[in-house]
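Asks: Quick one, what's the 3D model for this:
(chains A, B, C and D)
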There are 2 protein chains.
Amino acid sequence: MARPAKFTLAEIRREALALVDRDGLAGLTMRGLAAALKTGPMTLYNYVDGKESLEELVVDAVASEVPPVAVTSDWAADLTVAATGLWATVRLHPAVIPLVLTRRTSTSASLRPAEDIASALARSGRTGFDLLVAFRAVMGFVMGIAQAELAGPLTSHIDPRQEATDLASIAGEANPTLAQLSQLAGEDARREFDEGLRILVLGLARERAPEGGSPENRI
Amino acid sequence: MARPAKFTLAEIRREALALVDRDGLAGLTMRGLAAALKTGPMTLYNYVDGKESLEELVVDAVASEVPPVAVTSDWAADLTVAATGLWATVRLHPAVIPLVLTRRTSTSASLRPAEDIASALARSGRTGFDLLVAFRAVMGFVMGIAQAELAGPLTSHIDPRQEATDLASIAGEANPTLAQLSQLAGEDARREFDEGLRILVLGLARERAPEGGSPENRI
DNA sequence: ACCTGAACACCGTTCAAGT
DNA sequence: ACCTGAACACCGTTCAAGT
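Replies: Got it, this is the predicted structure:
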């Protein structure tokens, strides 16, 4: 909150993200980051208000890496580009995903990827509640699937305390469909995302424009 | 991992969930739970392997509250029921949502809600990769939107350090669409979910069955 | 076998004192 | 004004000792 001299906020942000990328979310500690910067822990308090604020900085760092989206006359294409850009970027920093899912406060810069998605949907002609629903559906899908890839019903292993290691055979009895799916999961994450998004956009386009999905008007 | 006498694992599970519901995720500590149970912290280690295992217990507790789904001949209806049941249940325990999004290990019982969803989708005639994609899309949507309600681009406030409190006016300049949406967000969460799910199911049904969405075969 | 206090190696953050 | 060590109030968990 001050403008001191020993470090730059950008330096701290970069080092914090690097720390999370390297050691995971648990590795992001005030003391650990201070050590990485070769200072005492208290020095960081000259740059951030505390742990919460530090986490926000990390979310910011990731958001700033999401590529900007050019606006064309095809809202569905723009939406796909925006959603894919967000997904691909957070995937580069998997440990940060729980943080972006969890942060209750954001910088206006870190909201830009979401704004790009909302704006593409607005150009489908949606307004008000319809726009809200579409936005929630797309954001939910993008972030939900990004996180599900890391930790979800299909991510490896059942509880290790159940004596047996083969997921297919263990979860298999109680959960046969999941057991089957778990063998395919993660083989081609990009295609999983692309196809899922396509289905969602299909639903969005169908609901809006029974015939073709070209833009209608702006709000 | 043993079968001691002072408590029941079910008692510990119940108390742990109650603790999280009351004090949030940060309130779930080995020491805090022990205190709530009026024992020393070490006693808990006779029932769970450690913190991770305790968190899993809490996820289990929530999953066990998800209502079972009856199988009918209408896969889309079953899917809607299953997805809605999961969403409604996790919403009763909002502090647990980050935990269920994050757990990398699960009990076969806690996978049942996901199995119900996967199974409904399988009854749409999907197999293999197509089934995987549909499953990921639905799970991503359900959990993503549940979490987004708590913390997401539309949840109140911009960073408080930016001097101004009105989200609409602050985020508004940089993110006009979000600013507009934030005024509607959360007014009727149930309708947001229902409509979003409808769009997704619409996409799923259209992709599968150009004419009508009745079940085709089982896998 | 089940239980549990003491102790260790960590946290974030307040406070007070340095320059 | 910016910096920072010492100290406090917490964590999870190991270890050793109890019954």
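Asks: okay, and for chain A, where does confidence drop off?
Replies: Low-confidence segments of chain A, defined by pLDDT under 70: A:1-4, A:156-172, A:208-219.
Asks: how about A:Glu55, what does it touch?
Replies: A:28, A:99, A:103 (C-beta atoms under 8 Å, 6 or more residues apart in numbering or on different chains). All C-beta spots, glycine's among them, are computed from the backbone N, C-alpha and C.
Asks: go again using 10 Å as the cut-off
Replies: A:Glu55 makes contact with A:16, A:20, A:25, A:28, A:48, A:96, A:99-100, A:102-103, A:105, according to C-beta atoms under 10 Å, 6 or more residues apart in numbering or on different chains.
Asks: In terms of helices and strands, where is it?
Replies: Following DSSP states H and E, one finds A:Glu55 within helix A:51-63.
Asks: Go through that helix and flag the buried ones.
Replies: Across helix A:51-63, burial judged by 16 or more other C-beta atoms under 10 Å in any protein chain shown covers A:53-63.
Asks: Tell me the first helix or strand C-terminal of that helix.
Replies: Using DSSP H and E, the helix or strand that follows helix A:51-63 in sequence is helix A:75-92.
Asks: Next step: the contacts of A:Glu55 restricted to helices.
Replies: The helices, defined by DSSP state H, take in A:16, A:20, A:99-100, A:102 from the contacts of A:Glu55.
Asks: okay if I get the buried residues of helix A:51-63 as CSV plus distance to DNA strand D?
Replies: Shown next, in CSV, are the buried residues of helix A:51-63 (distance: C-beta to the nearest atom of the strand, whole Å):
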residue, distance to DNA strand D
A:Ser53, 15
A:Leu54, 14
A:Glu55, 18
A:Glu56, 19
A:Leu57, 16
A:Val58, 20
A:Val59, 23
A:Asp60, 20
A:Ala61, 20
A:Val62, 25
A:Ala63, 25
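Asks: which one among the residues you listed gets closest to B:Arg126?
Replies: Checking these against B:Arg126 by C-beta to C-beta gives A:Val62 as the nearest, at 33.3 Å.
Asks: so the closest one sits right up against A:Arg112, yeah?
Replies: No - using C-beta atoms under 10 Å, A:Val62 is not in contact with A:Arg112; the gap is 11.8 Å.
Asks: what residues do these two have in common as contacts?
Replies: Common neighbours of A:Val62 and A:Arg112 (C-beta under 10 Å, 6+ apart) are A:Leu86.
Asks: Just the element for the nearest residue to A:Met143 once chain neighbours are set aside, please.
Replies: Leaving aside its sequence neighbours, A:Met143 sits nearest to B:Gly144 (C-beta to C-beta, 6 or more residues apart in numbering or on different chains; 4.9 Å). Here B:Gly144, judged by DSSP H and E, is contained in helix B:128-150.
Asks: CA atoms of that helix as CSV?
Replies: Taking only C-alpha atoms (Å, rounded to 0.1, in the frame of the first residue of the first chain), the coordinates of helix B:128-150 have been written out as CSV:
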residue,chain,number,x,y,z
GLY,B,128,-16.4,-43.4,-24.7
PHE,B,129,-15.1,-40.0,-25.5
ASP,B,130,-18.5,-38.5,-26.2
LEU,B,131,-19.7,-39.6,-22.8
LEU,B,132,-16.6,-38.3,-21.2
VAL,B,133,-17.1,-34.9,-22.8
ALA,B,134,-20.7,-34.7,-21.8
PHE,B,135,-19.9,-35.7,-18.2
ARG,B,136,-17.1,-33.1,-17.9
ALA,B,137,-19.4,-30.4,-19.3
VAL,B,138,-22.2,-31.1,-16.9
MET,B,139,-20.0,-31.6,-13.8
GLY,B,140,-18.0,-28.5,-14.7
PHE,B,141,-21.1,-26.5,-15.0
VAL,B,142,-22.7,-27.7,-11.8
MET,B,143,-19.7,-27.3,-9.6
GLY,B,144,-18.4,-24.2,-11.4
ILE,B,145,-21.7,-22.4,-11.0
ALA,B,146,-22.1,-23.4,-7.4
GLN,B,147,-18.7,-21.9,-6.6
ALA,B,148,-19.2,-18.9,-8.8
GLU,B,149,-22.2,-17.9,-6.7
LEU,B,150,-19.9,-17.7,-3.7
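Asks: coming back round to it: right, and the residue nearest to A:Met143 touches A:Gly152 too?
Replies: No - look at B:Gly144 against A:Gly152 with C-beta under 10 Å: they stay out of range, at 11.3 Å.
Asks: Looking at the two, which one has more neighbours?
Replies: Neighbours per residue (other C-beta atoms under 10 Å in any protein chain shown) separate B:Gly144 from A:Gly152, with B:Gly144 holding more: 27 against 23.
Asks: Surely A:Arg103 is in contact with A:Glu52?
Replies: Yes - at 8.7 Å, A:Arg103 and A:Glu52 qualify as touching, with contact defined as C-beta under 10 Å.
Asks: residues of stretch A:65-85 that come out buried?
Replies: Of the residues in stretch A:65-85, A:66, A:69, A:75-76, A:78-85 count as buried by neighbour count, 16+ other C-beta under 10 Å.
Asks: And stretch A:104-124, by the same measure?
Replies: A:105-108, A:110-124.
Asks: Give me the nearest residue to A:Gly140, chain neighbours excluded.
Replies: Excluding its sequence neighbours, the residue lying closest to A:Gly140 (C-beta to C-beta, 6+ apart) is B:Gly144, at 3.1 Å.
Asks: Next, find the distance separating that neighbour from A:Leu132.
Replies: Using C-beta to C-beta, to the nearest Å, B:Gly144 is found at 15 Å from A:Leu132.
Asks: what do you get for A:Ala151?
Replies: As judged by C-beta to C-beta, A:Ala151 and A:Leu132 stand 28 Å apart.
Asks: Neighbour count for these two, which is higher?
Replies: Remark: of A:Ala151 and A:Leu132, A:Leu132 carries more neighbours, 27 against 19, as counted by other C-beta under 10 Å.
Asks: Name all residues that make contact with that one.
Replies: Listed by C-beta under 10 Å, 6+ apart, the contact partners of A:Leu132 are A:118, A:121, A:126, B:154, B:180-188, B:191-192, B:195-196.
Asks: can you tell me how far it sits from B:Glu187?
Replies: Taking C-beta to C-beta, one finds A:Leu132 at 9 Å from B:Glu187.
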